[in-house]
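K.L.:
dropping a prediction and its sequence here:
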Amino acid sequence: MEEKNLQTLKQKGLKKLVPTSFPRIAVGAGTCGVGNDADNLYVEFEKELKKQKVKAYLTKTGCFGFCAQEPLVNIYLPGNPLVILHKVEAKDAEQIVKDLSKGVVPVKKALCKIEEWDHLTSESKVSYGKGLPKIPAWNEIPFFKSQLKLVLRDCGLINPEDIEEYLAVGGYSALQKALSKMSQDEVIAEVKKAKLKGRGGAGFPTAIKWQIMKNAKGDQKYIICNADEGDPGAYMNRNEIESDPHMILEGMIIGAYATGVSEAIVYVRAEYPLAVERLKKALKDAEKLGLVGKNILNSSFSLNVTVVEGAGAFVCGEETSLIASIEGKAGRPRPRPPFPGEKGLWGKPTNINNVETWANIPLIIARGGDFFAKTGTAESPGTKVFSLVGKIKNTGLVELPLGTSLETIVYEIGEGTGTKRKIKAVQTGGPSGGCIPASLFKTPVDYASLTALGTIMGSGGMVVMDEDNCMVDVARYFVEFTTSESCGKCVPCRLGLYQAGKIITGITSGIGTENDLGLLLELGRTIKQSAFCGLGQTGPNPFLTTMKYFKDEYEDHIKEKRCKSGICKDLFLSPCENSCPLHINIPGFIQLLKEGKLEDAFESVLRDNPLPATTGRICLYHCKTRCRRNDIDGPVAQGEIHRYIADAMSKTKKDKIVIDKLIKEKLPKTGKKIAIVGAGPAGLTAAFYLVRLGHDVTIFDDRAKAGGFVRYAIPKYRLPEDVLDREIGYIKNLGVKFALKKKIGENLSLKDLEKSYDSIFLAIGAQN
């Protein structure tokens, strides 16, 4: 097609994007929008426009990234900023159309506005209009504030099924520049200047791969777009194809020209039906305009592009497995060398890059490698698109300069969990990645930093986990996933991951032993060193990183037979009981109180906690953060309840009945004497249980009164002394003796205690 004809189509597209005499309504129709009823919303807009006889351009766009706020609707009224409405329902269509008919911008569900947008590959910015000061600009709201949209430059703003709109924002201008003004070597040099690394996980320099491909000899060469995105929770590539398919095609055409290739293949999983549909339409439209096929843009360069749908096997994300799948074989990796650049598809030289890598190419050619390289870090230039999912308030697609910290992503963009629960970790890199604890969230997100932590960038999946996630169970899930997706070709992956999964499942079931931890560590290292392909080599990452950063959870499962998160069904009674450091049977005493059995409820609490009224006033209430009622309205006030039970029993003097019962239950005297050093909560609790076992117990403390930290550090208005004294009295009544004003090293020595006592328990606290 002649350049002047493309210019005509470009102007037509611009009139659709920014109409001058009537409004534009664009419904976000990516998979996330469709999943939130965007299709019905579109139909409702059609009905209302017809019913109210309002002239407007109604269309669809892809996803703008803020998936948690879908359906998003872009409203443009000439002379005003583009306004993005969020969580729009079908019932809202009537009022929106009514407002537009009156020449009023609907602002009821306004999320943000855009006054001007730089699509980056276009010669000029798209100007919408100024005004509406009460609506924040798009980059002023937390989710977008730190983002930089390079790859997602068009997503959510243009109709992905309209090539005219893509042309209007600079689409295929980079291709025109490459074919008319640049040699193959100049294109590769620009990519090299940009320092673009492959965005599929390995981070290999793209320019080096292209140069190898260009230099490869052969009568036929291939380039492939790897759109087989298989990580659970990752959907960057799906969204990029659904929202801007021409961007990927343009990048591939430029890459094919630079490497001397005449055949290109997009390998996309069939599980992405909308992406496949839009990609095929984009290819068909590009062929009609002579942008794909013979003598592209009247040049001597020709390229045929084919779409191949994969069955969704995770292992086919590995490039040699992907090649085998295209050839009609089972998706199994093969040894390298020879590398695909030497011997790939059908034995011919083949270059494979993923969707996001290709998406960066038009930008680099249009704006230059230096423009791209100034973003990100020196070693990892550019941006990376992540899918932010899991226990996070703001889910969606996030594009950030490489080097941005996890802290920024999780707490500023994601705004935390949105609940009272604390974030525990972030899992990056999918099943082949690892889990990073919250204590390391200042880590910059780039290839080297993530590798140093034992995880990988992967394709960009980022799963946030909170206190409800058991890290041992997380490791079990991902190991089971990689085991089931293993091609089975090599023993380390086929049997090694299976055995690792078996050991971890044993730990989550309560039958794990301490030897299992050493065995898992050795097994993981062996698999990493000897597995055949990247899937097997990175398969141990989930359990190696969780063992490194969350070893205490493994030890709790093994030694205490306890899952604090309440996920492992064999190791918990209830989430609140599991989160309680004292393991109080919270559902038990609440049910007894509910039945009016106050005395039984007090006994239930006291058997687990000898200081119920005290802890009821000062506890941090871990149980509240885990209470399932929190998901509905608010948590049950477990701490206040057992405080009430203890206070009520004291007022009615019925607490003595329960204490007398415990005294009668004491085991016969053993003749063993135990010295406890420290009369704080730990010492008092130890004494409470030891004396009931029949031992002769004496507590030593350097203070004049027992209670330790809770007596001397907590204000009396929060913990009245009479409450603490009453509960220390329970312990005295059981037969515990107190030796106060006795300080080790002054008027008492450990040697003296060793001579006089059979055992010594040090409960000296950490306050000093």
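P.N.:
Here it is on my side, so go on. None of these values were measured; they are calculated from a predicted model.
K.L.:
what's near enough to touch the residue most central in space within the chain?
P.N.:
By C-alpha atoms, centre = their mean, the chain has its centre lying nearest to residue 463, at 1.8 Å. Residues in contact with residue 463 (C-beta atoms under 8 Å, 6 or more residues apart in numbering) are 232, 233, 389, 390, 426, 427, 428. Where you see a C-beta, it was placed from the backbone N, CA and C, and this is true even at glycine.
K.L.:
what separation do you get for the last one and residue 447?
P.N.:
From residue 428 over to residue 447 the distance is 11 Å, taken as C-beta to C-beta, to the nearest Å.
K.L.:
kindly report the same for the third one.
P.N.:
Taking C-beta to C-beta as the criterion, residue 389 is separated from residue 447 by 21 Å.
K.L.:
what do you get for the fifth one?
P.N.:
In this view, residue 426 and residue 447 are 16 Å apart by C-beta to C-beta.
K.L.:
any low-confidence regions in the stretch 101-250 of the chain?
P.N.:
201 (pLDDT under 70).
K.L.:
all strands of it, in order?
P.N.:
For the stretch 101-250 of the chain, the strands defined by DSSP state E, counting those that start in this stretch occupy 110-114, 116-117, 126-127, 222-227.
K.L.:
cool, and the stretch 351-500 of the chain?
P.N.:
Taking DSSP E, counting those that start in this stretch to define them, one finds strands in the stretch 351-500 of the chain at 383-390, 396-401, 423-428, 434-437, 461-466.
K.L.:
ok, and what's touching the fourth one?
P.N.:
Okay, so that is strand 434-437. 406, 424-428, 443, 450, 453-456, 465, 471, 474-475, 541-542, 544-546, 549-550.
K.L.:
try it again with 7 Å
P.N.:
Outside strand 434-437, the residues that touch it by C-beta atoms under 7 Å, 6 or more residues apart in numbering are 406, 425-428, 443, 453-455, 471, 474, 541-542, 544-546, 549-550.
K.L.:
repeat for the longest one
P.N.:
The contact list for strand 383-390, computed with C-beta under 7 Å, 6+ apart, reads 148, 150-152, 199, 233-236, 356, 375-376, 395-402, 409, 413-414, 460-465.
K.L.:
one more pass at 8 Å, please.
P.N.:
Counting by C-beta under 8 Å, 6+ apart, residues outside strand 383-390 touching it are 148-152, 199, 233-236, 239-240, 356, 375-376, 394-402, 409, 413-414, 427, 445, 457, 460-465.
K.L.:
do the same with the second one
P.N.:
Counting by C-beta under 8 Å, 6+ apart, strand 396-401 makes contact with 32, 63, 65-69, 143, 146-152, 155, 235-236, 239, 375-376, 382-388, 408-409, 413, 445, 462, all of which sit outside it.
K.L.:
chain center to that strand: distance?
P.N.:
Its chain's C-alpha centre and that of strand 396-401 lie 12 Å apart, by C-alpha atoms, centre = their mean, to the nearest Å.
K.L.:
given it, what are its sheet partners and their directions?
P.N.:
strand 383-390 (antiparallel) (DSSP bridges).
K.L.:
quick revisit: switch the contacts of residue 463 over to a markdown table; also include distance to residue 648 and neighbour count.
P.N.:
Output for those, formatted as a markdown table (distance: C-beta to C-beta, whole Å; neighbours: other C-beta atoms under 10 Å):
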| residue | distance to residue 648 | neighbour count |
| --- | --- | --- |
| 232 | 50 | 14 |
| 233 | 48 | 15 |
| 389 | 46 | 21 |
| 390 | 42 | 21 |
| 426 | 45 | 28 |
| 427 | 46 | 30 |
| 428 | 51 | 26 |
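K.L.:
for residue 650, helix, strand, or coil?
P.N.:
helix (DSSP: H, G, I helix; E, B strand; the rest coil).
K.L.:
tell me the buried residues in stretch 88-107?
P.N.:
88, 90, 92, 93, 96, 97, 99, 100, 101, 105, 106 (16 or more other C-beta atoms under 10 Å).
K.L.:
can you give me the helices in the stretch 101-250 of the chain?
P.N.:
Counting by DSSP state H, counting those that start in this stretch, one finds helices in the stretch 101-250 of the chain at the ranges 142-145, 163-168, 173-181, 184-194, 206-215, 236-243, 245-259.
K.L.:
with just CA atoms, put the fourth one into PDB.
P.N.:
Pointing back at helix 184-194 there. Provided in PDB are the C-alpha atoms of helix 184-194 (Å, rounded to 0.1, in the frame of the first residue of the first chain):
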ATOM      1  CA  GLN A 184      19.400  -4.700   8.700                       C
ATOM      2  CA  ASP A 185      22.600  -3.900  10.700                       C
ATOM      3  CA  GLU A 186      21.300  -0.500  11.700                       C
ATOM      4  CA  VAL A 187      18.100  -2.000  13.100                       C
ATOM      5  CA  ILE A 188      20.100  -4.500  15.200                       C
ATOM      6  CA  ALA A 189      22.500  -1.700  16.200                       C
ATOM      7  CA  GLU A 190      19.500   0.300  17.600                       C
ATOM      8  CA  VAL A 191      18.200  -2.700  19.500                       C
ATOM      9  CA  LYS A 192      21.800  -3.200  20.900                       C
ATOM     10  CA  LYS A 193      22.000   0.400  21.900                       C
ATOM     11  CA  ALA A 194      18.700   0.000  23.800                       C
END
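K.L.:
so it versus helix 206-215, what angle?
P.N.:
160 degrees (axes from the mean of the first three to the mean of the last three C-alpha atoms, to 10 degrees).
K.L.:
pull out the buried residues from helix 184-194.
P.N.:
Those would be 184, 187, 188, 189, 190, 191, 192, 193, 194, for helix 184-194 by 16+ other C-beta under 10 Å.
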